[in-house]
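this is a predicted model, with the sequence first.
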Amino acid sequence: MRIALFATCIVDAMYPKVALATVRILERLGHEVVFPPGQGCCSQMHVNSGYVEDALPVVRNHVRTFIEA
């Protein structure tokens with residue numbers, strides 16, 4: 001199975017070993033792990049702080065990127 005992994009900024013900044021362990025486990029189980037090149041901000045911080053309209057283009061890009069992966 002091909003799995004597109006969403007590497008969050010929080011995991012990247014604070015818990016990078018979690019992302020590495022996730023990849024290792026998935027690959028050990030025989031899966032192909034990919035990181036979509038268009039992956040960027042998911043806009044969680046924008047939405048959580050009430051800037052939903054400003055977040056929409058960013059969210060759309062994120063969703064589109066993973067649909068195409």
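All right, it came through fine. Given the structure is predicted, the values throughout are model-derived calculations rather than measurements.

tell me which helix or strand comes right after the helix or strand of the chain with the lowest mean pLDDT.
Every helix and strand in the chain was compared by mean pLDDT, DSSP states H and E; the lowest is helix 9-14, with a mean of 87. Of the helices and strands lying after helix 9-14 in sequence (DSSP states H and E), the nearest is helix 16-28.

flag every buried residue along that following helix.
19, 23 (16 or more other Cβ atoms under 10 Å). C-beta here means a position set from N, CA and C on the backbone, and glycine is covered the same way.

what lies in contact with that helix?
The contact list for helix 16-28, computed with Cβ atoms under 8 Å, 6 or more residues apart in numbering, reads 3, 5, 7, 11-12, 33.

just stretch 44-62 next, same as before
So stretch 44-62 is contacted by 8, 38-43 (Cβ under 8 Å, 6+ apart).

please check these and keep the buried ones.
39, 42-43.

before we move on, the earlier item: in JSON lines, list the contacts of stretch 44-62 along with pLDDT.
Shown next, in JSON lines, are those (pLDDT from 0 to 100):
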{"residue": "T8", "pLDDT": "85"}
{"residue": "G38", "pLDDT": "86"}
{"residue": "Q39", "pLDDT": "86"}
{"residue": "G40", "pLDDT": "84"}
{"residue": "C41", "pLDDT": "84"}
{"residue": "C42", "pLDDT": "86"}
{"residue": "S43", "pLDDT": "89"}
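
which two among the residues you listed are spaced furthest apart?
Using Cβ to Cβ, the pair of the contacts of stretch 44-62 lying farthest apart is T8 and G38, separated by 15.5 Å.

which of the three states applies to G38?
coil (DSSP: H, G, I helix; E, B strand; the rest coil).
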